[in-house]
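Student: Sequence first, predicted model second:
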Amino acid sequence: MLNKTGWANAIATCFRVGYWPYGPGTLATILCCPMWWGLHAVGHWGVYVGVWCFLLGLGYWATSHVLRVLRQHDPSEIVIDEVLGLGVTLIMPVSHPLLVLLGVVLFRILDIAKPWPIGFVDRRVPGALGVILDDLVAGGFALIGVQLAQYWLY
């Protein structure tokens, strides 16, 4: 049924990573890690933000199309939201690769456990906005954790 969505499906599932049977959201998070960390190597924060905003718009469009076909709340095949959430977590440069790993772990714990207000957003915000927004909130909390760890440890 998702074949009817074409490019929207490819983008929402991050070119079929979302079909991985064992934790597709975690796999997508790990696979996009080098991209986000590498964008900081470019040395211009605006490039990072520009890529993130472009992916946000593209991801929202793709998620909207796929949700219309699937008619589910937050299907596990859609993993572009994890890519965007980790992008929030790593939006501030970090000084050590272990902080990137901490960001991945914190983000995934928060995204899976969905404590308040993440769970509130997940339950109350409908459609593509809800699918993406709960991951952005989780990414924001993980960002705070990573930056506090960087401040205390490095």
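Tutor: All right, it came through fine. Numbering: from 1, shown residues only.
Student: mind listing what residue 92 touches?
Tutor: Neighbouring residues of residue 92 by C-beta atoms under 8 Å, 6 or more residues apart in numbering: 143, 146, 147. Every residue, glycine included, has its C-beta placed from N, CA and C.
Student: And what about it, helix, strand or coil?
Tutor: Here residue 92 takes the coil state, with states given by DSSP: H, G, I helix; E, B strand; the rest coil.
Student: for it, phi and psi?
Tutor: Backbone torsions of residue 92, given as degrees, to the nearest 10, read phi -100, psi 130.
Student: Okay, it and residue 44: tell me how far apart.
Tutor: 14 Å (C-beta to C-beta, to the nearest Å).
Student: and if you look at residue 91?
Tutor: Taking C-beta to C-beta, one finds residue 91 at 13 Å from residue 44.
Student: Of these two, which one has the most company?
Tutor: Neighbour tally, residue 91 and residue 44, criterion other C-beta atoms under 10 Å: the higher count belongs to residue 91, 19 against 10.
Student: ok, that one touching residue 52?
Tutor: Yes: applying C-beta atoms under 8 Å as the test, residue 91 and residue 52 come out as touching, 7.1 Å apart.
Student: from the contacts of residue 92, which would you call buried?
Tutor: Using 16 or more other C-beta atoms under 10 Å as the burial test, the contacts of residue 92 include 143, 146, 147 as buried.
Student: got the contact list for the second one?
Tutor: Going by C-beta under 8 Å, 6+ apart, residue 146 touches 89, 90, 92, 94, 99, 102, 103, 106.
Student: Could you do the last one as well?
Tutor: Contacts were defined as C-beta under 8 Å, 6+ apart; by that measure residue 147 touches residue 92.
Student: Equivalent analysis for the first one, please.
Tutor: Contacts here follow C-beta under 8 Å, 6+ apart; on that basis residue 143 touches 88, 89, 90, 91, 92, 103.
Student: What score does the fifth one have for pLDDT?
Tutor: The pLDDT attached to residue 92 in the predicted structure is 94.
Student: Please report how far the residue nearest the centre of the chain lies from residue 118.
Tutor: Nearest to the mean C-alpha position of the chain, by C-alpha atoms, centre = their mean, lies residue 82 at 2.3 Å. Using C-beta to C-beta, residue 82 is found at 13 Å from residue 118.
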